[in-house]
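In: Only the shape, not the letters, is given here:
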């Protein structure tokens, strides 16, 4: 079955530092890829998504992610983080055999200090 | 306002008791989902429904049951067979993940065992 790995469980950065959060999935083929974010006390919301086309996708708040098919990866990046980026970040991938089923990773908790 | 409403926000269950978590959406979405969020484990899919009167088991369906009698409603029952029910439960809806539509999430229900 499809699975998603987020190896960074807890990341602590200072403001203006660069961010890269890893996301790897287990099975190739045609998949849809998503990053969701959960700010403290708020609903989970979509950060960005990849379906096809340009493997470098840009999302809200200056985030971007690169789909590397050969590495089964969809890492999230931001050149300069802000305190307001403190949140939990979840990578998600569609199931290989049922593309209406979304599999989430375990999440990465990001803390940004001023 | 369009969105997903989960109730109650907090729920306590006694040993051997069944409890039902409510999820209502007014987004006219076909698909609805229930996820369980535990610290360090991310979101795990319990059940999902792609259309009224139809639903499928997710990865951790044991001890849970659902119904989808109306398009806008997808209640989750946590039965006494679920031995570790304490968790944060999230309901979500979308048109179609397969067409790269994003999930809209509710604000969640925290279930605790007395």
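Out: Cool, got the structure. Being a predicted model, the structure only gives us computed values, none of them experimental.

In: I'd like to know which residues of chain B are adjacent to chain A.
Out: With C-beta under 8 Å from any C-beta of the partner chain as the criterion, chain B comes near chain A at residues B:31, B:33, B:35, B:40-45, B:48, B:50, B:56, B:58-59, B:90, B:92, B:96-98, B:100, B:102-103, B:105-107. Every C-beta, even on glycine, is put in place using the N, C-alpha and C of the backbone.

In: Okay, now the sheet partners of the strand ranked longest in chain B, with direction.
Out: Using DSSP state E, we find that the single longest strand of chain B is strand B:42-51. Strand B:42-51 sits in its sheet next to strand B:31-38 (antiparallel), strand B:54-57 (antiparallel), going by DSSP bridges.

In: And the next helix or strand past the one helix or strand in chain A whose mean pLDDT sits lowest?
Out: Using mean pLDDT, DSSP states H and E, strand A:102-104 stands out as the lowest-scoring helix or strand of chain A, at a mean of 90. Once the chain leaves strand A:102-104, the next helix or strand it forms, by DSSP states H and E, is strand A:108-113.

In: Packing partners of the helix or strand that contains residue A:34?
Out: Residue A:34 is located in strand A:33-38, with elements delineated by DSSP H and E. With contacts defined as 3 or more C-beta pairs under 8 Å, 6 or more residues apart in numbering or on different chains; DSSP states H and E, strand A:33-38 has these neighbours: strand A:44-50, strand A:64-68, strand A:73-78, strand A:87-94.

In: can you do 7 Å?
Out: Contact analysis of strand A:33-38 by 3 or more C-beta pairs under 7 Å, 6 or more residues apart in numbering or on different chains; DSSP states H and E lists strand A:44-50, strand A:87-94 as its packing neighbours.

In: give me the low-pLDDT residue ranges for the chain?
Out: If you meant another chain, say so; for now it's chain A. Confidence mapping of chain A against pLDDT under 70 gives the ranges A:28, A:96.

In: oops, I was thinking of chain B
Out: For chain B, the ranges with pLDDT under 70 are B:1-2, B:97-100.

In: do that again at 80, thanks
Out: Residue ranges of chain B with pLDDT under 80: B:1-2, B:96-101.

In: For the residue nearest the centre of it, give me its contacts.
Out: For chain B, residue B:34 is the residue whose C-alpha lies nearest the centre (C-alpha atoms, centre = their mean; 2.8 Å). Contact analysis of residue B:34 by C-beta atoms under 7 Å, 6 or more residues apart in numbering or on different chains lists B:46, B:47, B:66, B:76, B:89, B:91.

In: Mind doing that once more with 8 Å?
Out: Residue B:34 makes contact with B:21, B:23, B:45-48, B:58, B:64, B:66, B:74, B:76, B:89-92 under the criterion C-beta atoms under 8 Å, 6 or more residues apart in numbering or on different chains.

In: Appreciated, that's everything.
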